[in-house]
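Q: When you get a sec, could you give me coordinates for this:
(2 chains)
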Amino acid sequence: MSDKPENAPEHCPGTTSEEAGKASSCEGCPNQKICTSGALRAPDPDIEKVKERMANIKHKILVLSGKGGVGKSTFSAHLARGLSCDESRQIALLDIDICGPSIPRMVGLEGEQVHQSGSGWSPVYVEDNLAVMSVGFLLASPDDAVIWRGPKKNGLIKQFLRDVDWGEVDYLVVDTPPGTSDEHISIVQYLSCTHVDGAVVITTPQEVSLLDVRKEINFCRKVKLPIIGIVENMSGFVCPKCKTESKIFPPTTGGAEKMATDMNVPFLGKLPLDPRIGRCCDEGKSFLAELPDSPAAVAYTEIIEKIILHCG
Amino acid sequence: MEISRVVEGCPSSSESAGKAEVCKGCPGRMLCQSLGGVDKDQADIDLRMNAVQHKILVVSGKGGVGKSTIAAALANQLATSHKKVGLLDLDICGPSQPLLMGVNGQAVVNTQWGWKPLVSPYTGVKVLSVGSLLASEESSLAFRGPRKTALIKTFVKDVLWGRLDYLIFDTPPGTSDEHLSIVKVLQNAKPDGAIIVTTPQAVAIATVRKEISFCRKMGLRIIGLVENMNGFSCPCCGVSITC
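A: As a prediction, this is how the structure comes out:
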């Protein structure tokens, strides 16, 4: 990552240079005060601590989408649940959606609190081998709004990576908010000192979603984050009465499969729109455990197998 | 920092942003301090916004509930009733309005009086979105908060909106930089309020409750709540399904 912030003037000397904040081109730059304080020149001691924590984690998977509401949190929760079906695996699920943390509710841990121990923050356990961390556990009330600007959100994400004592973990699944902003830039930056297996990009079939997801793929390429593959969620709806399939979000431009081909990215599979998935998420239950023989659960399992294969 | 203090009363939304006791040690402190105080551009912003009779924000804490769709539908409906309408897309990372309003691929022209918004061929709504400023629709804008804030100010201050009956603001999901910034920018403009969009699921409503808290904290009037994707009727057999 360049040390010239995006809002810097044209001849920015760089935030880590001796001239930072003092050059003539620094006049009027919104970052001038921060640069002259010298805070940005010193190496970040927290990065070493993050590296130490992450050294105990074998595989790291980010779940991304440019678009909101396509099922990132639903997929993250079920990916973590699916991976934890093998009791010999230790799974960690990290929710970095600071403004709209959905994971606690989806895994049935709403109202739980985080505790501090000598070795760091203790995550909250769904099962013996599935641990979860989210800002949702830090709120006094679930209705509390977290109205934070970017730097404070970045600070919490760093804290999650530095202070949470996950222990020895086979898979860390990171659920992200929609977009390509502070949270995404920060998680990639903080994890750049470790190996990240890659990103699973979620979309729905319609062009309005694909528009944003193409940007997300572009973002992944810009920051050199490998893409494990694309998942098309809410792919079709089968009427429980007459079994007709309706395309509620019609793939007018070919859907995610065509986009994957056009952008030369692996396509992991399609997940149908089953209202029972949403209901399970509302109730904090695992859809894979409640309805294992449903077409959606079978599709989920196939996609999870492909992800495990990619990670090696 | 102790866990109990991590989410304690961040005053980012108030005048004490960056200056309160709880701000010590916060990574966002200097940014909040620099954004506080009187904005030298406020007078220009107020001038532009005084020419707009009604300002309505379309918000939701949750993504994918239909904010952009509803904002576009509202703008189109108002324009059909012979009102002069503008639609400003504040979603910097995932701008949907150019596609929804039929102005995809059109270039925004910068005149001596400001940027000229595009005009929707459907109903004549003036549209501005970062999507119309990108070299290609695949380009991503990985902007951190301060840069998004600067762009949002430009969209309000430097755009030739002209005299409008309604200016609709489409926002991204969340309660962060974009939302704080637009509320601050419009502080003297007396916006009519916010329409909050949700879907019926408990997971969506849980996030939307936070948005209601946000509006109340910001002193932003809530015009009302819209429940989108309320149910689905099978086109073949007509059976009604709730999602």
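
Q: Do you know the pLDDT at the closest residue to residue B:116 other than its chain neighbours?
A: Using CB to CB, 6 or more residues apart in numbering or on different chains and skipping residues adjacent in sequence, the residue nearest residue B:116 is residue B:109, 4.8 Å away. (Each C-beta comes from the backbone N, C-alpha and C, glycine too.) Per-residue pLDDT puts residue B:109 at 92.

Q: Could you report the separation of the nearest residue to residue A:68 once chain neighbours are set aside from residue B:188?
A: Excluding its sequence neighbours, the residue lying closest to residue A:68 (CB to CB, 6+ apart) is residue B:63, at 1.5 Å. Going from residue B:63 to residue B:188 by CB to CB, to the nearest Å gives 30 Å.

Q: Neighbour count: these two, which is higher?
A: residue B:63 (27 against 11; other CB atoms under 10 Å in any protein chain shown).

Q: Next, work out how far apart the more buried one and residue A:189 are.
A: 23 Å.

Q: Also residue A:288?
A: Taken as CB to CB, the span from residue A:288 to residue A:189 is 33 Å.

Q: Which of these two has more residues huddled nearby?
A: residue A:288 (22 against 16).

Q: So which bits of the strand or helix carrying that one are buried?
A: Using DSSP states H and E, residue A:288 sits within helix A:287-290. Buried residues in helix A:287-290, counted by 16 or more other CB atoms under 10 Å in any protein chain shown: A:287-288.

Q: which other residues reach that helix?
A: Contacts to helix A:287-290, defined as CB atoms under 8 Å, 6 or more residues apart in numbering or on different chains, come from residues A:78, A:81-82, A:85, A:274, A:276-277, A:280-281, A:294, A:296-297, A:300-301.

Q: And for stretch B:209-219?
A: A:99-100, A:142-147, B:13, B:59-62, B:175, B:179, B:183, B:194, B:196, B:220-222.

Q: which ones among the contacts of helix A:287-290 come in contact with chain B?
A: residue A:281 (CB under 8 Å from any CB of the partner chain).

Q: can you tell me which of the contacts of helix A:287-290 lies nearest to chain B?
A: Ranked by distance to chain B (CB to the nearest CB), the contacts of helix A:287-290 are led by residue A:281 at 5.5 Å.

Q: mind listing what the residue nearest to that closest one when sequence neighbours are not counted touches?
A: Once flanking residues are discounted, residue A:281 sits nearest to residue A:106: 4.6 Å by CB to CB, 6+ apart. Neighbouring residues of residue A:106 by CB under 8 Å, 6+ apart: A:73-74, A:77, A:281, A:284, B:203.

Q: ok now do residue B:149, which residues does it touch?
A: B:35, B:177-178, B:180-181.

Q: Let me see the ranges of the strands in chain B.
A: Listed in chain order, the strands of chain B (DSSP state E) span residues B:52-59, B:85-89, B:109-111, B:114-116, B:118-119, B:126-129, B:164-170, B:193-198, B:222-227, B:232-233, B:240-241.

Q: Can you name the residues in contact with the first one?
A: Applying CB under 8 Å, 6+ apart, the external contacts of strand B:52-59 come out as B:49, B:67-68, B:70-71, B:74, B:86, B:161, B:163-171, B:179, B:182, B:186, B:189-197, B:211, B:214-215, B:220, B:223.

Q: Distance of the residue nearest to residue A:281 relative to residue A:287?
A: 10 Å.

Q: Can you read off the pLDDT for residue 128?
A: Chain wasn't specified; assuming chain A. Reported pLDDT for residue A:128: 94.

Q: that answer is for a different chain, and I need it for chain B
A: Model confidence at residue B:128, given as pLDDT, is 96.

Q: and the residue nearest the centre of chain B, what pLDDT?
A: Nearest residue to the geometric centre of chain B (CA atoms, centre = their mean): residue B:171, 2.7 Å. On the pLDDT scale, residue B:171 is placed at 96.

Q: That one and residue A:96, how far apart?
A: Applying CB to CB, the value for residue B:171 to residue A:96 is 20 Å.

Q: Also residue B:177?
A: For residue B:177 relative to residue A:96 (CB to CB), the value is 16 Å.

Q: So for these two, which residue has more residues nearby?
A: residue B:177 (29 against 24).

Q: per-residue pLDDT, the nearest residue to that one once chain neighbours are set aside?
A: Closest residue in space to residue B:177, ignoring its immediate chain neighbours: residue B:145 at 3.7 Å, by CB to CB, 6+ apart. What the model reports as pLDDT for residue B:145 is 85.

Q: And the strands in the stretch 51-200 of chain A?
A: A:57-64, A:91-95, A:115-117, A:120-122, A:124-127, A:130-134, A:169-175, A:198-203 (DSSP state E, counting those that start in this stretch).

Q: Export those strands as CSV, with columns for mean neighbour count.
A: Below are the strands of the stretch 51-200 of chain A laid out as CSV (neighbours: other CB atoms under 10 Å in any protein chain shown):
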stretch, mean neighbour count
strand A:57-64, 22
strand A:91-95, 26
strand A:115-117, 11
strand A:120-122, 18
strand A:124-127, 18
strand A:130-134, 26
strand A:169-175, 23
strand A:198-203, 27
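
Q: least reliable of those strands going by mean pLDDT?
A: strand A:115-117 (a mean of 88).

Q: Name every strand pairing with that one and say which way it goes.
A: strand A:120-122 (antiparallel) (DSSP bridges).

Q: picking up where we left off before, can you put the strands of chain B in CSV and add mean neighbour count?
A: Output for those, formatted as CSV (neighbours: other CB under 10 Å):
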stretch, mean neighbour count
strand B:52-59, 21
strand B:85-89, 26
strand B:109-111, 10
strand B:114-116, 17
strand B:118-119, 19
strand B:126-129, 26
strand B:164-170, 23
strand B:193-198, 23
strand B:222-227, 14
strand B:232-233, 14
strand B:240-241, 11
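
Q: export those strands to JSON lines and tack on distance to residue B:41?
A: Shown next, in JSON lines, are the strands of chain B (distance: least, CB to CB, whole Å):
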{"stretch": "strand B:52-59", "distance to residue B:41": "17"}
{"stretch": "strand B:85-89", "distance to residue B:41": "16"}
{"stretch": "strand B:109-111", "distance to residue B:41": "17"}
{"stretch": "strand B:114-116", "distance to residue B:41": "13"}
{"stretch": "strand B:118-119", "distance to residue B:41": "23"}
{"stretch": "strand B:126-129", "distance to residue B:41": "17"}
{"stretch": "strand B:164-170", "distance to residue B:41": "18"}
{"stretch": "strand B:193-198", "distance to residue B:41": "23"}
{"stretch": "strand B:222-227", "distance to residue B:41": "27"}
{"stretch": "strand B:232-233", "distance to residue B:41": "46"}
{"stretch": "strand B:240-241", "distance to residue B:41": "50"}
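
Q: Could you report the separation of residue B:187 from residue B:223?
A: 18 Å.

Q: can the contacts of helix A:287-290 go into a markdown table with extra columns for pLDDT, neighbour count and secondary structure?
A: Formatted as a markdown table, the contacts of helix A:287-290 follow (pLDDT from 0 to 100; neighbours: other CB atoms under 10 Å in any protein chain shown; DSSP: H, G, I helix; E, B strand; the rest coil):
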| residue | pLDDT | neighbour count | secondary structure |
| --- | --- | --- | --- |
| A:78 | 97 | 28 | helix |
| A:81 | 96 | 24 | helix |
| A:82 | 96 | 23 | helix |
| A:85 | 95 | 17 | coil |
| A:274 | 89 | 21 | coil |
| A:276 | 90 | 15 | helix |
| A:277 | 93 | 26 | helix |
| A:280 | 94 | 22 | helix |
| A:281 | 94 | 25 | helix |
| A:294 | 90 | 16 | coil |
| A:296 | 92 | 21 | helix |
| A:297 | 94 | 22 | helix |
| A:300 | 95 | 24 | helix |
| A:301 | 96 | 14 | helix |
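
Q: just to revisit the earlier point, PyMOL command for the buried members of the contacts of stretch B:209-219?
A: In PyMOL, this line selects whichever of the contacts of stretch B:209-219 come out buried by 16+ other CB under 10 Å:
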select buried, (chain A and resi 99+100+144+145+146+147) or (chain B and resi 13+59+60+61+62+175+179+183+194+196+220)
